[in-house]
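Q: give the three-dimensional model of this entry:
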Amino acid sequence: MTTGLQIALLGGALVGLGIALLVWRLTPARPDLADVIHRYSPEGVRGRIATESATTSVTNSTERLGVWALRRLPASWWGKTPTKELALLRIPLHRHYGSKVVFALLGLLIPPILGYACSVAGFPLPVLIPTAGSIALAVGLWFLPDYNVRDDARKARVEFGRALGAYTDLVALERLGGSGTRQAMELAAEVGDNWVFRRLSEELARSRWSGLAPWDAMHVLADELGLPELDDLADIMRLSKEGSQVYAQLRARSEGLRSAMLNAALGKSNAAGERMTIPMALLSIMFLVILITPSLLRLMGGE
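A: Just a heads-up that it's a prediction; the model follows:
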């Protein structure tokens, strides 16, 4: 049952929150210099344009909430946004922010609902427990989308590296057949049908229309997505424009990519095998204890 003291504490907390929000609203703003510089940088301008265009293309309430939060909430609240990971997964910034807000709201609501259920069941909880639980869970769930994005991007980078090895081999074969640098890169990108080849093909087509060299476009894409392997391929293709014979270099690069992926897979399997030795050792110890215990009990009974 809710006591008068709990109602008074809750009312005081709500009044204090209202006063704090009013003071925060009326206090003169002190803009963060780094945030101001970022908003007026080319990246910030592109992000602002994307946000403005997103207001007309949102498809659900989460994205609408993300657009609102992106405009209203201070930039310091978001923490370190995984920009490169979002670009790799092609997740708009407003959708990611909307997911963060939705998860935080769920974290605020779950503990009070559980506290109410406990009160109905006859196990009332002090009001401080749901309040502290709401704050802790909201903060934890606020950062959960960032973790999910980084984990998905890590898997996507592994897939990108695997596909990039095949793409490098195809480019080498096209160059060996006499194709030019741009033609070899574009023809090789048209062979595959997964998202990596489509992404490379789109970037090469964009560079053709903008007049940018294909290796420079690959450099930009590698920097945007955080893919050093693609950066190395762009360097090799730039050398081919200068007259260097790059077939052997491309084949060596693809072999290096495959060797790196094989070593990573072997390291992961070895780590999994080492983790499996612990439960096997515990199981062996338990089996020995089961075998020895009856004999020890008989000896102790005989004494």
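Q: neighbours of Y167, just the number please.
A: 24 (other CB atoms under 10 Å). The way it works is simple: take the backbone N, C-alpha and C, and place the C-beta from them, glycine included.
Q: distance check, it against N60.
A: 35 Å (CB to CB, to the nearest Å).
Q: and what of R182?
A: Counting by CB to CB, the gap from R182 to N60 is 40 Å.
Q: what about the two, which has more around it?
A: Set side by side, R182 and N60 show more neighbours around R182, with 17 against 10, by other CB under 10 Å.
Q: residues near the closest residue to that one other than its chain neighbours, how many?
A: Leaving aside its chain neighbours, R182 sits nearest to P214 (5.0 Å; criterion: CB to CB, 6 or more residues apart in numbering). P214 has 24 neighbouring residues, counting by other CB under 10 Å.
Q: which stretches of the chain have low pLDDT?
A: 1-9, 24-25, 28-59, 75-76, 241-245, 301-303 (pLDDT under 70).
Q: where along it do the helices fall?
A: 4-26, 33-39, 42-54, 61-72, 83-89, 93-120, 128-142, 144-176, 181-189, 195-210, 214-225, 228-241, 247-302 (DSSP state H).
Q: out of the ones you listed, deepest packed?
A: helix 181-189 (a mean of 21; mean count of other CB atoms under 10 Å).
Q: tilt between it and helix 247-302?
A: 40 degrees (axes from the mean of the first three to the mean of the last three CA atoms, to 10 degrees).
Q: chain center to helix 181-189: distance?
A: 30 Å (CA atoms, centre = their mean, to the nearest Å).
Q: again with stretch 192-200
A: 20 Å.
Q: could you do stretch 93-104 as well?
A: The answer for stretch 93-104 is 13 Å, by CA atoms, centre = their mean.
Q: identify the residues contacting it?
A: 47, 50-51, 54, 58, 62-67, 69-70, 78, 81, 83, 86, 138-139, 141-146, 149 (CB atoms under 8 Å, 6 or more residues apart in numbering).
Q: likewise for stretch 132-139?
A: With CB under 8 Å, 6+ apart, stretch 132-139 has contacts from 104-105, 107-112, 114-115.
Q: how near is the residue nearest to F143 when sequence neighbours are not counted to E159?
A: Spatial nearest neighbour of F143, chain neighbours left out: G79 (7.0 Å); criterion: CB to CB, 6+ apart. Separation of G79 from E159 (CB to CB): 27 Å.
Q: what of L106?
A: 30 Å.
Q: contacts only, for A172.
A: Here A172 is in contact with 246-247, 250-251, 254 (CB under 8 Å, 6+ apart).
Q: and the two most separated of those residues?
A: For the contacts of A172, the farthest-apart pair by CB to CB is V246 and S254; their separation is 11.8 Å.
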